[in-house]
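Participant: sequence first, predicted coordinates after that:
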Amino acid sequence: MSTPAAPKRRRATGRVTLQDVAATAGVSPITASRALRGERGVATELVARVQAAVSQLGYVPDPAARALASARSNQVVVLIPLLSNALFVDLLDAAQSTLLAAGYQSLIGVTHYQAEEEEALLRTYLMNRPAGLLVTGFDRTEASRALIQGSGVPCVHLMENRKDSGLYSVGFSQQAAGHAMTLALRERGYRRIAFAAAQLDPRTLQRAHGYRAALADRHDPALEFLDSAPSSFALGAQMFDRVLAQAPDVDAIFFNNDDLAQGALLQALRRGIQVPGRVAIAGFNDLIGGEQMLPPLSTVRTPRGEIGLRASEMLITLMRGDAVDEPCVDLGFELLMRESC
């Protein structure tokens, strides 16, 4: 069967339209639209013909027209705290790849850990009638919660779990992870375990709660060093010095993330302080570089890429109007006890 000739473009704009794609593929505009949205029920052979027509004509979907026609765009809003943190870069990469394969475009908003910034982003993005939302955690303003609920837009929460009715989430227990690392240090014989944290976002505070609970269970004192400044190698070095100056008998330091812990390891190397001989050091998230430190850093491996993948798959299911079998997915974590402990 010969391929139908490509129709002429509209003279008004010169833009290839969905009708042009449909005519070239030999299908109706409705079928072409459903094929491009990845809807089930469209025959594989028809999808292939539509995709071939898209490539032949250089068709680029018009998100404004699609939103007008369907009262919903093909765009998914993804709100994360930072782009400079490898944790969220890994999550975002997995989410964007999964959404793109299903025919959705990602609109990325950075909240800088500020609830008011998240609220402003939600107000702006929801005016464009996105198909779905991926948001980080559950800590936000009441106005933001009302915006999400009132929009009717499917929403999946990242990095944390909550089993409340009507909520969808993919993550792990930050508190349980903090508790587990603290117990692992104690089981290795450490008794003066400090918790050093920066940024102090909700997930950091949940890890701190797990740390406190683990020590309270064993009647050990909690030694906390908290700094609201952004996390960095430099701050990790400073906090290492601060901990040893203010608690000279400390024998282990659990940092709330690997940036701080790696900075502390470098500072210990500069000062000639033996790790773990004098003091053990542990981090969180298993970011790049930890295994190459001297000594290799003990840490908690978090499934950030898997969270981005599974959350996007869940959201795609919701956006297609299908039921989700497991609204709250706990992907767990892994303790990596390397040579720094």
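Facilitator: It's in.
Participant: per-residue confidence at the residue nearest the centre of the chain?
Facilitator: By CA atoms, centre = their mean, the chain has its centre lying nearest to Leu91, at 4.1 Å. On the pLDDT scale, Leu91 is placed at 95.
Participant: show the subsequent helix or strand relative to the lowest-mean-pLDDT helix or strand in the chain.
Facilitator: Lowest mean confidence among the helices and strands of the chain (mean pLDDT, DSSP states H and E): helix 63-70, at a mean of 54. Next in sequence after helix 63-70, counting helices and strands by DSSP states H and E, comes strand 75-80.
Participant: what is that following strand packed up against?
Facilitator: Using 3 or more CB pairs under 8 Å, 6 or more residues apart in numbering; DSSP states H and E, the elements in contact with strand 75-80 are helix 86-101, strand 105-110, helix 115-126, strand 132-136, helix 304-319. Yep, even glycine has a C-beta here, placed from its N, CA and C like the rest.
Participant: quick one: that strand to strand 105-110, angle?
Facilitator: Going by axes from the mean of the first three to the mean of the last three CA atoms, to 10 degrees, strand 75-80 is angled at 30 degrees with respect to strand 105-110.
Participant: contacts for strand 75-80?
Facilitator: The contact list for strand 75-80 (CB atoms under 8 Å, 6 or more residues apart in numbering) reads 63, 88, 91-92, 95-96, 99, 104-111, 118, 121-122, 125-126, 128, 130-136, 158, 312, 315, 319.
Participant: 6 Å instead?
Facilitator: 88, 99, 104-109, 111, 118, 125, 130-136 (CB atoms under 6 Å, 6 or more residues apart in numbering).
Participant: what do you get for stretch 218-229?
Facilitator: Identification of contacts with stretch 218-229 by CB under 6 Å, 6+ apart yields 194-198, 200, 212, 215, 235, 239, 243, 247.
Participant: and if we set it to 8 Å?
Facilitator: Contact with stretch 218-229 is made by 186, 191-200, 208, 211-212, 215-216, 235, 239, 242-243, 246-247, 250, as judged by CB under 8 Å, 6+ apart.
Participant: hey, where'd the helices end up in this protein?
Facilitator: Using DSSP state H, the helices of the chain run over 18-25, 29-36, 44-57, 63-70, 86-101, 115-126, 142-151, 174-187, 202-217, 233-246, 258-271, 304-319.
Participant: can you flag the weakest of these by average pLDDT?
Facilitator: Set side by side, those give their lowest mean pLDDT on helix 63-70, at a mean of 54.
Participant: adding distance to Val78, write the helices of the chain out as JSON lines.
Facilitator: Shown next, in JSON lines, are these (distance: least, CB to CB, whole Å):
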{"stretch": "helix 18-25", "distance to Val78": "26"}
{"stretch": "helix 29-36", "distance to Val78": "21"}
{"stretch": "helix 44-57", "distance to Val78": "25"}
{"stretch": "helix 63-70", "distance to Val78": "16"}
{"stretch": "helix 86-101", "distance to Val78": "6"}
{"stretch": "helix 115-126", "distance to Val78": "10"}
{"stretch": "helix 142-151", "distance to Val78": "14"}
{"stretch": "helix 174-187", "distance to Val78": "20"}
{"stretch": "helix 202-217", "distance to Val78": "17"}
{"stretch": "helix 233-246", "distance to Val78": "27"}
{"stretch": "helix 258-271", "distance to Val78": "22"}
{"stretch": "helix 304-319", "distance to Val78": "9"}
